[in-house]
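# All I have is the shape, not the residue letters:
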Ligand SMILES: O=C(O)C(=O)C[C@]1(C(=O)O)C=C[C@@H](O)C=C1
């Protein structure tokens with residue numbers, strides 16, 4: 001598979017282009033970039049609160065009247081105004097990676113109906129946006145039923161200190177998109193997110209298309225629309241086709257009709273685990289090297305009849321654990337792998353507490369990433 005990074009591929013729009021069937025897809029909020037999240041810290045003068053305050057000030061007959069030279073003073077809040085503001089303020093800001101029309105945006109909206117979905121350039125940016133209070137939550141993909149794990153997000157879960165507060169499963173139905181009037185036989189290349197390309201491997205091979213990886217599916221669609229390519233298509237959602245005014249040349253091109261991506265909902269604070277509904281818990285740990293250690297680790301769950309839903313191992317860069325960690329015990333000099341495990345029990349369940357207590361006896365490092373309600377609905 002040919003790979004190029006989207007940085008070089010996706011160029012910003014600098015000329016106004018008219019797109020059929022869509023309002024103005026390019027006038028949406030600018031995605032949060034790394035520099036935003038580095039330079040903007042906690043909710044300050046640009047925060048919702050400050051903006052609300054400004055709006056309030058603008059409504060005041062005193063502050064902005066031309067006759068008036070009084071210093072700008074906000075009007076006192078009335079109880080009616082307060083409840084309006086509370087209702088408006090309750091709209092969660094949820095970061096996702098990609099641009100409008102990305103599957104991650106749909107996942108964010110499924111996880112938090114009525115939220116304000118905030119596009120971010122990279123996964124890392126979405127983590128940072130939550131940490132720096134620019135947004136309230138992040139919704140990020142972690143695994144797909146065809147393509148497997150999204151390794152980058154496993155690594156970022158460890159590097160950052162956010163908590164998993166929920167999961168959401170989304171059915172992923174890919175389309176082959178192209179500029180209006182272009183036919184499949186005109187296409188030579190196709191752009192998309194690497195996961196999406198992997199999920200459509202058979203179909204793309206059948207069409208003889210050269211694959212090029214970009215940051216997200218909708219970004220690929222946007223790029224094709226911006227350049228009006230004749231021989232380059234995009235793999236993206238039906239929604240992305242509508243937003244960017246592209247033709248849908250083929251639908252449901254994923255290699256298996258049941259193509260589901262699981263997304264994690266991340267927050268600065270953990271939720272209080274319950275037992276009133278099915279809960280899952282995600283942990284990460286490392287072990288000493290030697291025969292039987294992993295077997296022993298998994299046995300702490302098996303002997304308590306706790307079902308594991310996922311196990312992922314990731315190489316551990318040494319410096320990754322050199323920060324102080326509340327749950328960390330002693331770090332061995334050399335342990336090249338981390339194990340990420342999801343199991344079906346709440347941390348409020350005594351069995352889970354016993355299992356983790358047992359695991360801690362011989363794990364060299366362990367952290368609970370979150371205990372959260374399982375998504376048992378239809379994807
Ligand atoms: O590119 C997008 O639209 C995304 O939301 C990213 C992503 C992923 O990272 O797996 C999400 C769901 C699909 O599995 C394909 C791509």
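Good, I have the coordinates. Not measured: the values here are computed from a predicted model.
# tell me which parts of the stretch 101-250 of the chain are close to the ligand?
With C-beta under 6 Å from any ligand atom as the criterion, the stretch 101-250 of the chain meets the ligand at residues 102-104, 141, 144, 150, 172, 193, 195-196, 216-218. For glycine as for every other residue, the C-beta is placed from the backbone atoms N, C-alpha and C.
# In PyMOL, how would I select just the buried ones from the residues you listed?
Buried members of these, defined by 16 or more other C-beta atoms under 10 Å, are picked up in PyMOL with:
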select buried, resi 102+103+104+141+144+150+172+193+195+196+216+217+218
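# Dump the residues of the stretch 101-250 of the chain next to the ligand to JSON lines, plus pLDDT and secondary structure.
Below are those laid out as JSON lines (pLDDT from 0 to 100; DSSP: H, G, I helix; E, B strand; the rest coil):
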{"residue": "102", "pLDDT": "96", "secondary structure": "coil"}
{"residue": "103", "pLDDT": "97", "secondary structure": "helix"}
{"residue": "104", "pLDDT": "97", "secondary structure": "helix"}
{"residue": "141", "pLDDT": "97", "secondary structure": "strand"}
{"residue": "144", "pLDDT": "94", "secondary structure": "strand"}
{"residue": "150", "pLDDT": "95", "secondary structure": "coil"}
{"residue": "172", "pLDDT": "97", "secondary structure": "coil"}
{"residue": "193", "pLDDT": "95", "secondary structure": "coil"}
{"residue": "195", "pLDDT": "93", "secondary structure": "helix"}
{"residue": "196", "pLDDT": "96", "secondary structure": "helix"}
{"residue": "216", "pLDDT": "91", "secondary structure": "coil"}
{"residue": "217", "pLDDT": "97", "secondary structure": "helix"}
{"residue": "218", "pLDDT": "97", "secondary structure": "helix"}
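# Tell me the one of the residues of the stretch 101-250 of the chain next to the ligand nearest residue 363?
Taking C-beta to C-beta as the measure, residue 150 is the one of those closest to residue 363, at 24.4 Å.
# what separates that closest one from residue 140, distance-wise?
Relative to residue 140, residue 150 is positioned 8 Å away (C-beta to C-beta, to the nearest Å).
# With residue 234 instead?
22 Å.
# So residue 231 sits against residue 188, correct?
Yes - between residue 231 and residue 188 there is a contact at 4.5 Å, judged by C-beta atoms under 8 Å.
# ok, back up a step: adding distance to residue 131, write the residues of the stretch 101-250 of the chain next to the ligand out as CSV.
Converted to CSV, those look like this (distance: C-beta to C-beta, whole Å):
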residue, distance to residue 131
102, 21
103, 24
104, 18
141, 19
144, 26
150, 19
172, 28
193, 24
195, 25
196, 28
216, 21
217, 26
218, 25
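# quick one on the thing from earlier: give me the common contacts of residue 150 and residue 140.
When contacts are counted by C-beta atoms under 8 Å, 6 or more residues apart in numbering, the set common to residue 150 and residue 140 is empty.
# Tell me where the stretch 51-200 of the chain has helices.
Along the stretch 51-200 of the chain, counting by DSSP state H, counting those that start in this stretch, helices occupy 79-89, 103-111, 123-131, 151-159, 194-199.
# actually the stretch 251-379 of the chain, not the one I wrote
293-302, 350-362.
# Spatially central residue for the protein, please.
residue 140 (2.0 Å; C-alpha atoms, centre = their mean).
# ok, that one touching residue 216?
No - here residue 140 does not reach residue 216: they are 11.7 Å apart, not a contact under C-beta under 8 Å.
# So for the two, which residues contact both of them?
Taking C-beta under 8 Å, 6+ apart as the criterion, residue 140 and residue 216 both touch 97, 104.
# just for the stretch 1-150 of the chain, where's the confidence low?
Scanning the stretch 1-150 of the chain for pLDDT under 70 picks out the ranges 1-90.
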